[in-house]
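> turn this into a model:
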Amino acid sequence: MNLALVFPGQGSQSKNMLSDFIGDTDFKEIISQASEILGYDIEKIVEDEEKINNTIYTQPVMLATSYAMWVLMKKYLNLKICIGAGHSLGEYSALVANDSISFKDGLSIVKKRAELMSNAMRGIDGAMAAIIGLSGNEVDEICKQLSNQDSIIEAVNFNCPGQTVIAGHSNAIDDATQKLKDAGAKIVKKLPVSLAAHTSLLRPVADELKDELSKININLTTSFDVVHNYDLSVSENIECRINALAMQVCSPVRWIETLELFNKKNVTDIIEVGSGNVLSGLIKRFDKSINMHSINNIEDINILKQTL
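Residues are numbered from 1 along each chain as shown. Below is the predicted model:
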């Protein structure tokens, strides 16, 4: 068995997502530590649907949740991980889990990332939409045909065959809807976000993130490799890691190619470490032969203990 880990990003959060784990003392301790670092009570944030879906809170809370789940997994399971990856924000969770970035620094950077992204979108009517039924290349080509300096639209998440997410100015996405449907898209669904994540609209954020990332300690001696969204690399020096993390915010999430790298590593089993099972669904659509494992409660960890 070759085991990989994946960490979800923004969009996998849900109200009361800690309820099935908070009774564990180690899990609760991690969440308490995160609350102290962030300056707000995470347990209260996840009880408030509006706040848990606010980018400013979502990103740090998702990292704290994924890391707390990882701590639980290490407590109960003896795992040998061959590789890992995170989807968008989840990449930071993966790099905390593999000891590249400390938990404290990871929370601080992600909190800053969320603030910078939100600030960059002020005065811009941004949007994202999921496209079902076209290849990533087809969606990308249509976006390139329609996008211009005043009306940006870009393919930003290549999630699995037949599912791509686009982002940009809201009016550009509205204008593209019919063209995408005419090209064969079965569904064009706007997502409940106002950010244009992973687009060139956030290019200034990348420069600010580079400055922030240069202030923290980044460890290259890690417990497992993490594939970067930006360039599919496994960084061998700190400068490359900083660049990959910073540029990720304004560049596409190359998830299909990430999973292709997993295949080259002969990955047989993948555990999704974090809230929900969004990535599990994407991965099964990519390759049904991969054994997917989601952790939604303590019992799921007990099941893993028996099967892995």
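
> tell me the secondary structure at Ala206.
Under DSSP: H, G, I helix; E, B strand; the rest coil, Ala206 falls in the helix class.

> where exactly do the helices run in the stretch 201-308 of the chain?
Under the criterion DSSP state H, counting those that start in this stretch, the stretch 201-308 of the chain carries helices at the ranges 203-213, 238-248, 255-264, 278-286, 298-307.

> out of those helices, nearest to Asn219?
Asn219 sits nearest to helix 238-248 of all these, at 9.0 Å, using Cβ to Cβ. All C-beta atoms are positioned from the backbone trio N, CA, C, and that covers glycine.

> that closest one vs helix 203-213, what angle?
In terms of direction (axes from the mean of the first three to the mean of the last three Cα atoms, to 10 degrees), helix 238-248 departs from helix 203-213 by 150 degrees.

> got the contact list for helix 238-248?
When contacts are defined by Cβ atoms under 8 Å, 6 or more residues apart in numbering, helix 238-248 is touched by residues 88, 91-92, 95, 100, 198, 206-207, 209-210, 213-214, 218, 220, 228-231, 233, 235.

> care to break this structure down by domain?
Segmentation of the chain into domains, based on automatic domain parsing, reads 3-120+200-307, 126-190.

> how much space separates Asp105 from Lys112?
As for Asp105, its distance to Lys112 is 11 Å (criterion: Cβ to Cβ, to the nearest Å).

> let me fix that, I meant to ask about Asn98.
From Asn98 to Lys112 the distance is 21 Å (Cβ to Cβ).

> using ChimeraX, define a selection of the buried residues within the contacts of helix 238-248.
For the buried members of these, the matching ChimeraX selection, counting by 16 or more other Cβ atoms under 10 Å, is:
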select :88,91,92,95,100,198,206,209,213,218,228,229,230,235
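
> chain center to stretch 161-179: distance?
20 Å (Cα atoms, centre = their mean, to the nearest Å).

> now do the end-to-end distance for that stretch.
From its first residue to its last, stretch 161-179 covers 20 Å (Cα to Cα, to the nearest Å).

> over to the closest residue to Gly276 other than its chain neighbours. Which of the three states is it?
In space, Gly276 comes closest to Ser12 once its chain neighbours are excluded; the distance is 4.0 Å by Cβ to Cβ, 6 or more residues apart in numbering. Put simply, Ser12 is coil when judged by three-state DSSP.

> lowest-confidence helix or strand of this structure?
helix 298-307 (a mean of 87; mean pLDDT, DSSP states H and E).

> secondary structure element for Val156?
Per DSSP states H and E: Val156 is located in strand 153-160.

> what average pLDDT does that strand get?
On average, the pLDDT along strand 153-160 is 97.

> same deal with stretch 236-248?
Rounded mean pLDDT across stretch 236-248 is 94.

> how far away from the center of its chain is it?
Centroid displacement of stretch 236-248 relative to its chain, using Cα atoms, centre = their mean, is 16 Å.

> now do the buried residues in it.
So for stretch 236-248, counting by 16+ other Cβ under 10 Å, buried means 240-248.

> C-alpha coordinates for that stretch, PDB please?
The C-alpha coordinates for stretch 236-248 follow below in PDB (Å, rounded to 0.1, in the frame of the first residue of the first chain):
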ATOM      1  CA  GLU A 236      14.100  21.600  -2.900                       C
ATOM      2  CA  ASN A 237      14.900  25.100  -1.600                       C
ATOM      3  CA  ILE A 238      13.200  27.800   0.400                       C
ATOM      4  CA  GLU A 239      13.100  30.400  -2.300                       C
ATOM      5  CA  CYS A 240      11.200  28.000  -4.600                       C
ATOM      6  CA  ARG A 241       8.700  27.100  -1.800                       C
ATOM      7  CA  ILE A 242       8.000  30.700  -1.100                       C
ATOM      8  CA  ASN A 243       7.500  31.500  -4.700                       C
ATOM      9  CA  ALA A 244       5.200  28.500  -5.200                       C
ATOM     10  CA  LEU A 245       3.100  29.400  -2.200                       C
ATOM     11  CA  ALA A 246       2.800  33.100  -3.100                       C
ATOM     12  CA  MET A 247       2.000  32.600  -6.800                       C
ATOM     13  CA  GLN A 248      -0.600  29.900  -6.000                       C
END
